[in-house]
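Q: build the 3D model from these lines:
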Amino acid sequence: MDHSSEWTVAQAKAQLSEVMARAQNEGPQTISKNGKRSVVIVSAEEWDRKLRRQGTLIEFLNASPLKGVELDLRRIDTPIRDLEL
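A: Just a heads-up that it's a prediction; the model follows:
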């Protein structure tokens, strides 16, 4: 097999150790089922890094490209529609 990061279920089952080694050394490995991407295998180190909190909500909002943009938050005064349920 080449150094692709795409695997079928059959390939991944037959070469699980190889899939794991590549996830650790080369990055995420994608497993497809019935021709569709199904799961991605990543190293535990990468998973832990993705789970780690990246600052506070205030820091996130302060870093937003929309910071300082004035939004019109007025409610539109339209009549409520009657719906048949």
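Q: can we go C-alpha only for contacts and neighbour counts from here?
A: OK.
Q: can you pull out the helices in the protein?
A: For the chain, helices defined by DSSP state H occupy the ranges 9-14, 16-25, 44-51, 57-62.
Q: most neighbours per residue, which of these?
A: For these, the largest average neighbour count (mean count of other CA atoms under 10 Å) is found in helix 16-25, namely a mean of 16.
Q: just give the nearest non-adjacent residue to V39, would you?
A: If the residues on either side of it in the chain are set aside, V39 comes closest to I31, at 5.4 Å by CA to CA, 6 or more residues apart in numbering.
Q: just list whatever residues bridge to the one you found.
A: Beta bridges link I31 to W7, V39 when assigned by DSSP bridges.
Q: about what we covered before: G35 is nearest to which of the helices of the chain?
A: helix 9-14 (9.7 Å; CA to CA).
Q: name the surrounding residues that touch that closest one.
A: V19, I31, S32, K33 (CA atoms under 8 Å, 6 or more residues apart in numbering).
Q: do you know how far the second one is from L16?
A: If you measure I31 against L16 using CA to CA, to the nearest Å, the figure is 11 Å.
Q: among the contacts of helix 9-14, which one has the most neighbours?
A: V19 (24 neighbours; other CA atoms under 10 Å).
Q: tell me the contacts of that residue?
A: Contacts of V19 by CA under 8 Å, 6+ apart are A12, Q29, I41.
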